[in-house]
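Asker: Predicted structure and sequence below. I'll ask about it afterward.
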Amino acid sequence: MNVTVHIPDAIQERLGKRRDEIPRWLLEKAGLEAYKSKEISAQDLRLMLGFNTRMELDGFLKSNGVFLEYDDEELAHEAETSQFLKRTSH
């Protein structure tokens, strides 16, 4: 989906962003807010922002002072993946 937003030049200048940076900046801000309010999951946010891995998402979240929140299912999956990787790396 594409969305068009009009931002006055004066506000763009105050944001300190170039015109071509604004769409990504807005997408990131909207995604962060939706994630923090639990409207979307970490996976949704990863897809929304086009990150290929969870590690990329984690770095993005950390750089914005937000940390991944795991539910019980996600923790179990991460534990299984970790155990699998330990078994196959030896």
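Answerer: In hand now; what should we look at?

Asker: Next, count neighbours for Tyr35.
Answerer: As a burial measure, Tyr35 scores 23 neighbours (other CB atoms under 10 Å). Every residue, glycine included, has its C-beta placed from N, CA and C.

Asker: An error on my part: the question was meant for Ala34.
Answerer: The criterion is other CB under 10 Å. On that basis, Ala34 has 15 neighbouring residues.

Asker: so which helix or strand takes in it?
Answerer: Secondary-structure element containing Ala34, defined by DSSP states H and E: helix 22-36.

Asker: hmm, who's touching whatever helix or strand Leu57 lives in?
Answerer: Under the assignment given by DSSP H and E, the secondary-structure element containing Leu57 is helix 54-63. Taking contacts as CB atoms under 8 Å, 6 or more residues apart in numbering, the residues outside helix 54-63 that touch it are Glu28, Leu32, Tyr35, Ala42, Leu45, Arg46, Leu49, Phe51, Phe67, Leu68.

Asker: Off-centre distance for that helix?
Answerer: Relative to the centre of its chain, helix 54-63 is centred 7 Å away, using CA atoms, centre = their mean, to the nearest Å.

Asker: just stretch 60-76 next, same as before
Answerer: In this view, stretch 60-76 has its centroid 10 Å away from the chain centroid, taken as CA atoms, centre = their mean.

Asker: how much space is there between Ile11 and Lys62?
Answerer: Between Ile11 and Lys62 the distance, using CB to CB, to the nearest Å, works out to 28 Å.

Asker: buried set for the helix with the most length in the chain?
Answerer: Using DSSP state H to assign secondary structure, the helix with the most residues in the chain is helix 72-88. Judged by neighbour count (16 or more other CB atoms under 10 Å), helix 72-88 contains no buried residues.

Asker: Check what pLDDT His90 gets.
Answerer: If you check His90, the pLDDT there is 68.

Asker: I misspoke; the intended subject was Lys86.
Answerer: Looking at Lys86, its pLDDT reads 86.

Asker: same deal with Tyr70?
Answerer: 69.

Asker: follow-up on the earlier one: and the following helix or strand past the helix holding Ala34, what does it pack onto?
Answerer: Heading C-terminal from helix 22-36, the first helix or strand you meet, by DSSP H and E, is helix 42-49. Helices and strands touching helix 42-49, as assessed by 3 or more CB pairs under 8 Å, 6 or more residues apart in numbering; DSSP states H and E, comprise helix 22-36, helix 54-63.
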